[in-house]
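In: would you be able to build a 3D model of this:
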Amino acid sequence: MTAADFADSDLTRNDFLGGKLHIHQPAHGYRAGVDPVLLAASILARPGQSVLELGCGAGVAALCLGARVPGLEMSGLELQPGYAALARRNGDENNMPLKVEEGDLARMPASLRARRFDHVMANPPYFDRAHSTAATDKGREVAMGEGTPLKAWVEQAARRCAPGGSVTFIQRAARAPELLSMMAQHLGSLEILPLIPRRGRDARLILLRGRKGGRAEFRLHDGWVLHDGAAHDGDRESYSAATAEVLRNGAPLPFPA
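Out: Now for the predicted structure:
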């Protein structure tokens, strides 16, 4: 896929963080939901630090983080040229510098191989296609279907992380055991925050963070409940007040280190 595949007529312009960000996305294909926003909200970054997002897509997570924490040096790696071009455009139009390299994380571009970052984050494909059905849209399939093994995502994230820095993934809860095992081979001070749809439901997603060189014991945090009520109540938004602060106002997601 090339940048030319995305004419303006192929795109929508969507508000994130209550209108603080305006993001161009393909009308058909992979479209960012709340997952990258939650990922960005969990990163404990400070002004002046460097951040790398692996598989940055149209740049939603990186730009949400940049909107919350000014003065970051933000970089992204994206396999699909069309999405990489969108990420650059979205950075420019939101007045946030976002340097995006095109490439495969299994064959990391030399400009990134030479660097270490204070924070590395990723929203890798959720589905192992040995046990699921591929999407018909190519862009969506690359984003959602695991072409590069999850192990490679973890290894490359750990390599790009500076000593004392953090690596944070968002992933399906069903894959928590394998992701935790992989991260434990390269990182320490591991901690999981379950993301629970509603009180009394099983977690569907997790945030998993590790530290380069960390020595703290593993921590399983109390789950973060996304929605109020026991069930969806009509055609309206039902996010909890705390979750709405994260999604609409760019508040940090409490995920203590």
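In: from now on I want contacts and neighbour counts done on CA atoms only, so please keep to that.
Out: OK.
In: right, and Leu11 touches Pro26 too?
Out: Yes. Counting by Cα atoms under 8 Å, Leu11 does reach Pro26; the two are 4.4 Å apart.
In: which of the two has more neighbours?
Out: Neighbour count, other Cα atoms under 10 Å: between Leu11 and Pro26, Pro26 has more, with 23 against 15.
In: quick check, Ala106 in a helix?
Out: Yes. Secondary structure of Ala106 (DSSP: H, G, I helix; E, B strand; the rest coil): part of a helix.
In: ok, it - contacts?
Out: Residues in contact with Ala106 (Cα atoms under 8 Å, 6 or more residues apart in numbering) are 148, 152-153, 156.
In: next one: Val34
Out: Val34 neighbours (Cα under 8 Å, 6+ apart): Leu247.
In: same thing but at 10 Å, please
Out: With contact taken as Cα atoms under 10 Å, 6 or more residues apart in numbering, Val34 is in contact with 16, 60-61, 246-247.
In: quick one: the strands in the chain?
Out: In the chain, the strands defined using DSSP state E lie at 11-16, 21-26, 50-54, 73-78, 98-102, 117-122, 161-172, 188-196, 205-211, 219-220, 224-225.
In: how about these in a markdown table, adding distance to Ala231 and mean pLDDT?
Out: Shown next, in a markdown table, are those (distance: least, Cα to Cα, whole Å; pLDDT from 0 to 100):
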| stretch | distance to Ala231 | mean pLDDT |
| --- | --- | --- |
| strand 11-16 | 25 | 95 |
| strand 21-26 | 30 | 96 |
| strand 50-54 | 34 | 98 |
| strand 73-78 | 37 | 98 |
| strand 98-102 | 39 | 97 |
| strand 117-122 | 30 | 98 |
| strand 161-172 | 21 | 98 |
| strand 188-196 | 13 | 98 |
| strand 205-211 | 18 | 98 |
| strand 219-220 | 26 | 97 |
| strand 224-225 | 13 | 96 |
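In: just send the ones you listed back as a markdown table, with distance to Ser181 too.
Out: Below are the strands of the chain laid out as a markdown table (distance: least, Cα to Cα, whole Å):
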| stretch | distance to Ser181 |
| --- | --- |
| strand 11-16 | 33 |
| strand 21-26 | 34 |
| strand 50-54 | 20 |
| strand 73-78 | 24 |
| strand 98-102 | 29 |
| strand 117-122 | 17 |
| strand 161-172 | 13 |
| strand 188-196 | 10 |
| strand 205-211 | 11 |
| strand 219-220 | 14 |
| strand 224-225 | 22 |
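In: Leu220: how many residues sit nearby?
Out: Leu220: 12 surrounding residues under other Cα under 10 Å.
In: does Gln171 really touch Trp153, like I thought?
Out: No. With contact defined as Cα atoms under 10 Å, Gln171 does not count as touching Trp153 (11.9 Å).
In: between the two, which contacts overlap?
Out: The contact sets of Gln171 and Trp153 overlap at 122-125, 179 (Cα under 10 Å, 6+ apart).
In: among these, show me the least confident.
Out: Here the lowest pLDDT out of these sits on Pro125, with 91.
In: ok, Glu237 - contacts?
Out: Glu237 makes contact with 227-228, 244 under the criterion Cα under 10 Å, 6+ apart.
In: just to revisit the earlier point, overlap in contacts, Leu11 and Pro26.
Out: Leu86.
In: not counting its neighbours along the chain, what's nearest Ile192?
Out: Counting by Cα to Cα, 6 or more residues apart in numbering, Ile192 lies nearest to Leu208, which is 4.6 Å off, once chain neighbours are set aside.
In: next, count neighbours for that neighbour.
Out: 24.
In: 671 is where my numbering starts, stick with that
Out: In the new count, where the first residue is 671, that last one comes out as Leu878.
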